[in-house]
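Student: Take this sequence and fold it.
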Amino acid sequence: MPATRFRRLVVALALPAARAQSVGSAFTCQGELRAAGSPANAAYDFQFRLFNSAGGTTQVGPTLTLAGVSVINGMFSVPLDFGLAQFAGDAQWLEI
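Tutor: Numbers count the residues shown, from 1 in each chain. You can find the predicted model right below:
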């Protein structure tokens, strides 16, 4: 087998292994904030909590506090990471 074919074969076999990496717990939350019915334009402090039901009866994981988040034309985007233990496959609800 020529060396060129062997290299292509190795690369083809290595690609599926790279795709099998685990996904972390961090994600980006994007939202819209209105103040007095209009899109907000300022820096705001946010708190984020996960709950195990839509009614918010039991909090799961820590409360994440982000201060001075820029909100422009009502839009914001923040990175969140509640840790891997909070995402075991069951549904979670996010409170902002």
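Student: which residues touch the residue nearest the centre of the chain?
Tutor: Central residue of the chain (CA atoms, centre = their mean): Phe27, 1.4 Å from the mean position. Phe27 makes contacts with 79-81, as judged by CB atoms under 8 Å, 6 or more residues apart in numbering. (Each C-beta comes from the backbone N, C-alpha and C, glycine too.)
Student: where's it relative to Ala40, distance?
Tutor: 22 Å (CB to CB, to the nearest Å).
Student: Please apply the same query to Val60.
Tutor: In terms of CB to CB, Val60 sits 28 Å off from Ala40.
Student: go on, Ser77?
Tutor: Using CB to CB, Ser77 is found at 14 Å from Ala40.
Student: higher neighbour count, these two?
Tutor: Using other CB atoms under 10 Å as the criterion, Ser77 and Ala40 rank with Ala40 on top: 17 against 12.
Student: Surely the more buried one touches Phe46?
Tutor: No: using CB atoms under 8 Å as the test, Ala40 is too far from Phe46 to be in contact (11.6 Å).
Student: Neighbour count and distance to Ala91 added to the contacts of Phe27, as CSV?
Tutor: Below are those laid out as CSV (neighbours: other CB atoms under 10 Å; distance: CB to CB, whole Å):
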residue, neighbour count, distance to Ala91
Pro79, 10, 22
Leu80, 16, 17
Asp81, 13, 19
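Student: bridging residues for Asp81?
Tutor: Using DSSP bridges, the beta-bridge partners of Asp81 come out as Ala26.
Student: all numbers from here: first residue = 705
Tutor: Done: numbering now begins at 705, and the last item shifts to Asp785.
Student: Surely it touches Phe752?
Tutor: No: counting by CB under 8 Å, Asp785 does not reach Phe752; the two are 10.2 Å apart.
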